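A.B. asks: I would like to see how this sequence folds:
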Amino acid sequence: MLSEERRKILEMLQKGKITAEQAERLLSAIGSDSVEESPIKQKKTRWLKVRVYEGGTNSPKVKVNLPINLIKVLAKIGVKFSDKFPSSVKEKLEEHGVSDGLNSLAPEQIEEIFAELTKNGPLNLVEVDDDDDRVEITIE
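C.D. replies: Numbers count the residues shown, from 1 in each chain. Model prediction:
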């Protein structure tokens, strides 16, 4: 269950009052609510990075960095509320190949998924090359 401090931080993030990096720092500063998260806190912060390059340039036109710990928190919140999605949203997701199986994931399973994704060095999740345009999604 989320502490009041964590809930406030996530509300500030949702309202755009703070950035994802600021939310990560705040979440780290208030510490962990569960014993299971403690070993993850000791590891170096991992990031999901998205880069979009256009016109064959070496500098990205789009550059997004999201802390993995923040994504984990948001995934757990999403799982808790996935059964509340309106049927129209579920239908749209299914049209794009996204099943409604999210609500069957337990928090421990989410931890396991992220532990596997982040246990080794940098991981290239997606690399798309289209002539002079390129998209890269990595975990570092």
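
A.B. asks: helices and strands of this protein: which one bottoms out on pLDDT?
C.D. replies: helix 38-42 (a mean of 45; mean pLDDT, DSSP states H and E).

A.B. asks: please identify which helix or strand holds the residue most central in space within the chain.
C.D. replies: Ranked by distance to the mean C-alpha position of the chain (C-alpha atoms, centre = their mean), the top residue is Ile71 at 2.4 Å. Per DSSP states H and E: Ile71 is located in helix 68-81.

A.B. asks: and that helix, what's buried?
C.D. replies: Ile68, Asn69, Leu70, Ile71, Lys72, Val73, Leu74, Ala75, Val79 (16 or more other C-beta atoms under 10 Å). For glycine as for every other residue, the C-beta is placed from the backbone atoms N, C-alpha and C.

A.B. asks: what's the pLDDT at the closest residue in space to the fifth one that isn't next to it in sequence?
C.D. replies: The spatially closest residue to Lys72, leaving aside those adjacent along the chain, is Phe114, at 5.2 Å (C-beta to C-beta, 6 or more residues apart in numbering). Residue-level confidence at Phe114 comes out at 84, pLDDT.

A.B. asks: can I assume Phe114 is in contact with Val73?
C.D. replies: No. Using C-beta atoms under 8 Å, Phe114 makes no contact with Val73, being 10.6 Å away.

A.B. asks: and stretch 119-136, C-alpha only, in PDB?
C.D. replies: What follows is stretch 119-136, C-alpha atoms only, in PDB (Å, rounded to 0.1, in the frame of the first residue of the first chain):
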ATOM      1  CA  LYS A 119      20.100  -7.200 -13.600                       C
ATOM      2  CA  ASN A 120      22.700  -7.000 -16.400                       C
ATOM      3  CA  GLY A 121      24.300  -4.100 -18.100                       C
ATOM      4  CA  PRO A 122      22.700  -1.900 -20.700                       C
ATOM      5  CA  LEU A 123      19.900  -3.600 -22.600                       C
ATOM      6  CA  ASN A 124      18.700  -2.500 -26.000                       C
ATOM      7  CA  LEU A 125      14.900  -3.100 -26.000                       C
ATOM      8  CA  VAL A 126      14.100  -1.500 -29.400                       C
ATOM      9  CA  GLU A 127      16.200  -0.300 -32.300                       C
ATOM     10  CA  VAL A 128      14.400   0.900 -35.400                       C
ATOM     11  CA  ASP A 129      16.300   2.200 -38.500                       C
ATOM     12  CA  ASP A 130      14.300   3.800 -41.300                       C
ATOM     13  CA  ASP A 131      16.700   5.400 -43.800                       C
ATOM     14  CA  ASP A 132      18.000   8.500 -42.000                       C
ATOM     15  CA  ASP A 133      15.700   8.200 -39.000                       C
ATOM     16  CA  ARG A 134      16.400   6.000 -35.900                       C
ATOM     17  CA  VAL A 135      14.600   5.100 -32.700                       C
ATOM     18  CA  GLU A 136      16.400   3.500 -29.700                       C
END
